[in-house]
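J.: sharing a model prediction with you, sequence too.
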Amino acid sequence: MARIIGGITTSHVPAIGGAIAKSLQQDPYWKPFFDGFVPVRQWIAETRPDTVVVVYNDHGLNFFLDQMPTFAIGCASEYRNADEGWGIPQVPAFRGQTPLSWHLVQQLVDDEFDPVTCQEMVVDHAFTLPMALLWPDQKWPVKVVPVCLNTVQAPILSARRCWKLGQSLRRGIESWDSDERVLVLGTGGLSHQLDGERAGFINKPFDLQFMDSLAENPTWATQFDTHQLVEQAGTQGIELLMWLTARGMLGERVAELHRNYHIPISNTAAGLMLFEPR
Ligand code: DHB
Ligand code: FE
């Protein structure tokens, strides 16, 4: 059976793509952010995952407000990026792990989740940039399964449901008849708000408490409803739900191997964590 070898959670900010395109990794503004990924890449080099299940949110590239699934699973053999308006080079296409996609869809339906299945799907910065941070040569030695959660348009998923979704995805991966080593990647957050009166809002104490909770008490965030999470983390800080889903895929106990937290990157508190299931 397939095995989950670890989980990585990271922020995704479009400006990272601009920094990569201009080779600004050593620039004083960017260095504390990019340096955080060095130990994670070292861990990847040692553990060599075969497939990555990427939990992320689309921001209007593949789904717009007229058609907005709560859960969407990529079931395609290939996923491309498309121009999101920055005019920067697009990353090479990703190879889909289609058998695992369909197996996860079956598991989710069995567990009373209702995902949209996408045999064509473009993936935005929330998918491509974390992948480019993990594999800077962009040669993608892994296949992927995109798991896209709506955190853009109301009604937004509850933290409790995201935790259960993670548990269901875990059951799906662990019952997949394969020898593959699967990495879980959750992207988004941490605290940020791009619009309205609180634009620029960042909440470091909350972010740090959330990061601590993922290591020690992972259901901590499920005590909050969506409005409470937005109040604490900002309107777009609700993307921490992708971290919670990814963490739910790792089971009850984990070892935290690495973390980084740097504010701000653009308008966002940039966080990074690496876990192994125990
Ligand atoms: C920013 C952060 C995001 O999560 C995003 O999707 C877009 C922009 C930002 O801070 O600029
Ligand atoms: Fe985002």
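T.: Noted; the coordinates are in hand. Residues are numbered from 1 along each chain as shown. Ligands and ions are numbered 1, 2, ... in the order given.
J.: which helices and strands sit right next to the longest helix seen in the chain?
T.: Longest helix of the chain, by residue count under DSSP state H: helix 159-174. The contact analysis (3 or more Cβ pairs under 8 Å, 6 or more residues apart in numbering; DSSP states H and E) places helix 159-174 against strand 3-10, strand 51-56, helix 98-110, strand 143-149, helix 240-248. For glycine as for every other residue, the C-beta is placed from the backbone atoms N, C-alpha and C.
J.: mind redoing it with 10 Å?
T.: Where contact means 3 or more Cβ pairs under 10 Å, 6 or more residues apart in numbering; DSSP states H and E, helix 159-174 is packed against strand 3-10, strand 51-56, strand 71-74, helix 98-110, strand 143-149, strand 181-187, helix 226-233, helix 240-248.
J.: ok, Ile4 to Val116 distance?
T.: 24 Å (Cβ to Cβ, to the nearest Å).
J.: quick one: which of the two has more around it?
T.: Using other Cβ atoms under 10 Å, the more surrounded residue of Ile4 and Val116 is Ile4, with 20 against 16.
J.: state the pLDDT value of the more buried one.
T.: In this model, Ile4 is scored at 98, pLDDT.
J.: and Leu134, how far is that from ligand 1?
T.: Look at Leu134 and ligand 1: by Cβ to the nearest ligand atom, to the nearest Å, they are 17 Å apart.
J.: how many neighbours does that residue have?
T.: Leu134: 20 neighbours (other Cβ under 10 Å).
J.: ok, it - contacts?
T.: Listed by Cβ atoms under 10 Å, 6 or more residues apart in numbering, the contact partners of Leu134 are 8, 10, 37, 40-41, 43-44, 49, 52, 140, 142, 183, 185.
J.: out of the helices and strands packed on helix 159-174, which is the most enclosed?
T.: The highest mean neighbour count among those, using mean count of other Cβ atoms under 10 Å, belongs to helix 240-248: a mean of 29.
J.: run the contact check for the helix or strand that comes right after that helix versus ligand 1.
T.: Helices and strands here follow DSSP states H and E; after helix 240-248, the next one along the chain is strand 254-265. No. Using Cβ under 6 Å from any ligand atom, strand 254-265 never reaches ligand 1; the gap is at least 6.8 Å.
J.: with stretch 140-153 instead?
T.: No. Judged by Cβ under 6 Å from any ligand atom, stretch 140-153 stays clear of ligand 1, getting no closer than 9.4 Å.
J.: what mean pLDDT does that stretch have?
T.: 97.
J.: just give the number of residues close to the closest residue to ligand 1 within the stretch 1-150 of the chain.
T.: For the stretch 1-150 of the chain and ligand 1, the shortest gap (Cβ to the nearest ligand atom) falls at Val13, measuring 4.4 Å. When neighbours are counted by other Cβ under 10 Å, Val13 registers 20.
J.: can I assume it is in contact with Asn267?
T.: Yes. Between Val13 and Asn267 a contact is recorded at 7.9 Å, counting by Cβ atoms under 10 Å.
J.: residues shared between the contacts of those two?
T.: In terms of Cβ under 10 Å, 6+ apart, Val13 and Asn267 are both contacted by the residues His192.
J.: for ligand 1, what are the nearby residues on the stretch 1-150 of the chain?
T.: Going by Cβ under 6 Å from any ligand atom, the residues of the stretch 1-150 of the chain near ligand 1 are His12, Val13, Pro14, Ala15, His59.
J.: try 5 Å
T.: Within the stretch 1-150 of the chain, the positions adjacent to ligand 1 are Val13 by Cβ under 5 Å from any ligand atom.
J.: on that earlier part again, closest to Arg160 among the contacts of Leu134?
T.: Minimum distance to Arg160 across those is 21.9 Å, recorded for Leu185 (Cβ to Cβ).
J.: for the record, mean pLDDT for stretch 244-261?
T.: Across stretch 244-261, the average pLDDT comes to 98.
J.: distance across that stretch, terminal residue to terminal residue?
T.: 17 Å (Cα to Cα, to the nearest Å).
J.: could you pull up the residues touching Leu169?
T.: Leu169 neighbours (Cβ under 10 Å, 6+ apart): 4, 53, 55, 73, 104, 107-108, 111, 113, 145, 147, 184, 245-246, 248-249.
J.: go again using 7 Å as the cut-off
T.: Residues near Leu169 by Cβ atoms under 7 Å, 6 or more residues apart in numbering: Val53, Leu104, Val147, Met249.
J.: lovely, talk soon.
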